[in-house]
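K.L.:
starting from these lines, generate the structure:
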Amino acid sequence: MAAPRPQPARLSGIMVPAPIQDLEALRALTALFKEQRNRETAPRTIFQRVLDILKRSSLTVELACRDPTQVEHLASSLQLITECFRCLRNACIECSVNQNAIRNLDTIGVAVDLILLFRELRVEQDALLTAFRCGLQFLGNIASRNEDSQSIVWVHAFPELFMSCLNHPDKKIVAYCSMILFTSLNAERMKELEENLNIAINVIEAHQKQPESEWPFLIITDHFLKNPELVQAMYAKLSHQERVTLLDLMIAKLVSDEQLTKDEISVFLHHAELIASSFVDQCRSVLKLTSEQHAEDEEVLATIRLLDVLCEMAANTELLGCLQAFPGLLEGVIDLLRVIHVTGNNTTNIFSTSGCVRAEGDVSNMAEGFKSHLIRLIGNLCYKNKDNQDKVNELDGIPLILDSCSIDDSNPFLTQWVVYAIRNLTEDNSQNQDLIAKLEDQGLADASLLKKMGFEVEKRGEKLILKSTCDPPPHD
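P.N.:
From the prediction side, this is the model:
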């Protein structure tokens with residue numbers, strides 16, 4: 001396929017400047033490359049000609065960066081650059097032969113250098129943005145399903161291009177840059193990312209600002225969450241708001257219809273240790289909510305979300321054992337439940353009543369389910385684990401859990417998790433069964449409440465027996 005090369009046109013006897021001839025030829029090529037058959041039959045010489053035009057136009061951009069007075073001459077060059085990128089972008093669609101030919105001309109290096117120059121220009125926004133976007137689309141297309149091209153893109157683009165584009169105010173530029181990063185990442189390059197954590201953090205910020213954008217989401221779920229070393233290093237540097245964003249994506253992965261694979265379980269065991277450790281260290285930050293001036297504290301939001309993640313992790317049998325054995329976790333949860341329960345009873349604050357769902361939105365809604373999830377987590381940590389069952393007894397956790405339900409028995413969500421926790425605490429544990437029976441006999445446990453939970457106390461001679469009146473609930 002020969003490149004169309006229109007003859008110089010004449011308007012009123014005046015020769016049209018050469019750049020317009022180039023622009024028309026490029027537009028014709030761009031249209032032709034929309035067809036697969038034209039892409040597959042394109043002669044390699046065409047791409048050298050396109051690259052020559054791109055290089056000539058780049059010189060004008062370089063000059064404008066050095067001398068702002070030259071900016072006024074950029075309009076035609078930006079048009080040409082945009083059409084060069086469109087032409088090359090289309091030529092690379094599902095055509096490895098063209099990808100290789102264009103790459104071997106060092107077009108990738110020229111494109112990246114030019115895109116980096118765009119950040120220095122102060123020109124009419126629309127023309128510049130169009131060229132910028134098309135350049136990134138070209139890089140994304142040449143790297144698509146082509147490991148050799150991905151390698152060259154990474155060499156030229158990392159880290160400066162990603163640092164420059166991931167925080168760009170234009171949403172499309174952020175999305176296209178994210179596409180390039182997602183396409184180029186592999187296990188080896190993830191190690192380089194660990195040494196440039198600002199790029200990883202910028203991806204979190206991009207998802208936070210554009211949750212509807214596919215590429216930042218995929219980078220985090222398909223790359224970051226599969227690398228526990230990166231997540232641990234990054235988590236320490238994230239803002240509390242950014243941590244909430246990352247934790248939300250962990251929850252999405254855990255509750256997905258697709259079960260975690262064996263490799264993902266191995267990774268999430270590391271994540272579980274990080275989440276449990278972080279919760280133990282900062283769980284008392286939620287007590288700030290007892291003071292109105294801290295009603296929008298971002299650290300509190302992150303802590304609440306840590307508990308949400310722990311609950312979902314503990315609902316996974318393969319992750320549960322790690323959390324059941326984590327030092328200080330069960331003790332910390334019981335201690336926090338006790339403090340929240342006491343402050344909720346003694347003063348009027350956000351913990352005076354408990355809500356019914358995992359929190360979405362503002363902090364007051366998020367706090368409503370916090371006590372419920374503390375009790376849910378206790379129940380999971382005691383599931384078929386006698387050591388933890390006994391530990392809750394030793395820490396006077398059983399009366400605390402029962403009292404939490406009696407105080408707020410209008411909340412079915414809280415009652416549900418109290419029932420679940422009590423059943424897990426008493427399963428094959430006669431000591432805990434005896435304790436609850438004695439509490440009922442002493443009037444410290446409401447008999448009607450126990451009945452709601454599916455229990456009744458029966459007296460056999462001098463001994464009190466706690467009996468279940470329904471089947472035990474499954475692990476959750």
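K.L.:
show the subsequent helix or strand relative to the helix or strand hosting residue 305.
P.N.:
Taking DSSP states H and E as the criterion, residue 305 maps to helix 298-314. Next helix or strand after helix 298-314 toward the C-terminus (DSSP H and E): helix 317-324.
K.L.:
which residues are contacting that next one?
P.N.:
Applying C-beta atoms under 8 Å, 6 or more residues apart in numbering, the external contacts of helix 317-324 come out as 260, 265, 268-269, 272-273, 276, 310, 313-314, 329-330, 380-381, 383, 385, 388, 475. In this view, the C-beta of every residue, glycine as well, is placed from N, C-alpha and C.
K.L.:
starting at the chain centroid, how far to the following helix or strand past that helix?
P.N.:
Note on helix 317-324: by DSSP H and E, the next helix or strand toward the C-terminus is helix 329-346. Distance of helix 329-346 from the chain centroid (C-alpha atoms, centre = their mean, to the nearest Å) equals 30 Å.
K.L.:
hey, where'd the strands end up in this structure?
P.N.:
For the chain, the strands defined by DSSP state E occupy 10-11, 14-15, 455-460, 463-468.
K.L.:
sitting in helices, which of the contacts of helix 317-324 do you find?
P.N.:
265, 268-269, 272-273, 276, 310, 313-314, 329-330, 380-381, 388 (DSSP state H).
K.L.:
low-confidence regions, this structure specifically.
P.N.:
1-20, 124, 291-296, 346-368, 405-413, 439-476 (pLDDT under 70).
K.L.:
one more time with 50, if that's ok
P.N.:
1-18, 354-365, 407, 441-445, 457, 461-465 (pLDDT under 50).
K.L.:
would you map out the domains in it?
P.N.:
For the chain, the structural domains run 16-157, 169-238, going by automatic domain parsing.
K.L.:
now those domains in TSV, with mean neighbour count and distance to residue 369?
P.N.:
Shown next, in TSV, are the domains of the chain (neighbours: other C-beta atoms under 10 Å; distance: least, C-beta to C-beta, whole Å):
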stretch	mean neighbour count	distance to residue 369
domain 16-157	18	41
domain 169-238	18	22
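K.L.:
can I get those in CSV with distance to residue 401?
P.N.:
What follows is those, written out as CSV (distance: least, C-beta to C-beta, whole Å):
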stretch, distance to residue 401
domain 16-157, 53
domain 169-238, 31
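K.L.:
returning to what we had before: give me the buried subset of the contacts of helix 317-324.
P.N.:
260, 268-269, 272, 276, 310, 313-314, 329-330, 380-381, 383, 385, 388 (16 or more other C-beta atoms under 10 Å).
K.L.:
nearest to residue 230 among those residues?
P.N.:
residue 268 (14.0 Å; C-beta to C-beta).
K.L.:
ok, the closest one touching residue 313?
P.N.:
Yes: if you go by C-beta atoms under 8 Å, residue 268 and residue 313 touch, sitting 7.1 Å apart.
K.L.:
need the overlap of contacts for the two.
P.N.:
254, 319.
K.L.:
tabulate the CA atom coordinates of the helix holding residue 305 in CSV.
P.N.:
Taking Å, rounded to 0.1, in the frame of the first residue of the first chain, the C-alpha atoms of helix 298-314 are listed here in CSV:
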residue,chain,number,x,y,z
GLU,A,298,-9.8,10.7,58.5
GLU,A,299,-7.7,8.5,60.8
VAL,A,300,-10.9,7.2,62.3
LEU,A,301,-12.4,6.5,58.9
ALA,A,302,-9.3,4.4,58.1
THR,A,303,-9.5,2.5,61.4
ILE,A,304,-13.2,1.7,60.8
ARG,A,305,-12.3,0.4,57.3
LEU,A,306,-9.5,-1.7,58.8
LEU,A,307,-12.2,-3.5,60.9
ASP,A,308,-14.4,-4.0,57.9
VAL,A,309,-11.4,-5.7,56.1
LEU,A,310,-10.7,-7.9,59.1
CYS,A,311,-14.3,-9.1,59.2
GLU,A,312,-14.2,-10.0,55.6
MET,A,313,-10.8,-11.7,55.9
ALA,A,314,-12.0,-13.6,59.0
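K.L.:
counting by contacts, list what it packs against.
P.N.:
helix 240-254, helix 262-282, helix 317-324, helix 363-368, helix 370-381 (3 or more C-beta pairs under 8 Å, 6 or more residues apart in numbering; DSSP states H and E).
K.L.:
repeat that with 10 Å
P.N.:
Taking 3 or more C-beta pairs under 10 Å, 6 or more residues apart in numbering; DSSP states H and E as contact, the helices and strands that helix 298-314 lies on are helix 240-254, helix 262-282, helix 317-324, helix 329-346, helix 363-368, helix 370-381.
K.L.:
in stretch 279-292, which residues are buried?
P.N.:
279-280, 283, 285-290.
K.L.:
wait, which of these is closest to residue 150?
P.N.:
The closest of the buried residues of stretch 279-292, once distances to residue 150 are taken by C-beta to C-beta, is residue 279, at 38.1 Å.
K.L.:
for the stretch 101-250 of the chain, what spans make up the helices?
P.N.:
Along the stretch 101-250 of the chain, the stretches classed as helices by DSSP state H, counting those that start in this stretch are 107-118, 125-143, 147-157, 160-165, 171-184, 187-194, 197-209, 214-222, 228-237, 240-254.
K.L.:
CSV please, covering these and showing distance to residue 392.
P.N.:
Listed next are the helices of the stretch 101-250 of the chain as CSV, based on distance: least, C-beta to C-beta, whole Å:
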stretch, distance to residue 392
helix 107-118, 59
helix 125-143, 54
helix 147-157, 52
helix 160-165, 48
helix 171-184, 45
helix 187-194, 39
helix 197-209, 36
helix 214-222, 35
helix 228-237, 29
helix 240-254, 25
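K.L.:
closest one to residue 431 among the ones you listed?
P.N.:
Per C-beta to C-beta, nearest to residue 431 of the helices of the stretch 101-250 of the chain: helix 240-254, 33.1 Å.
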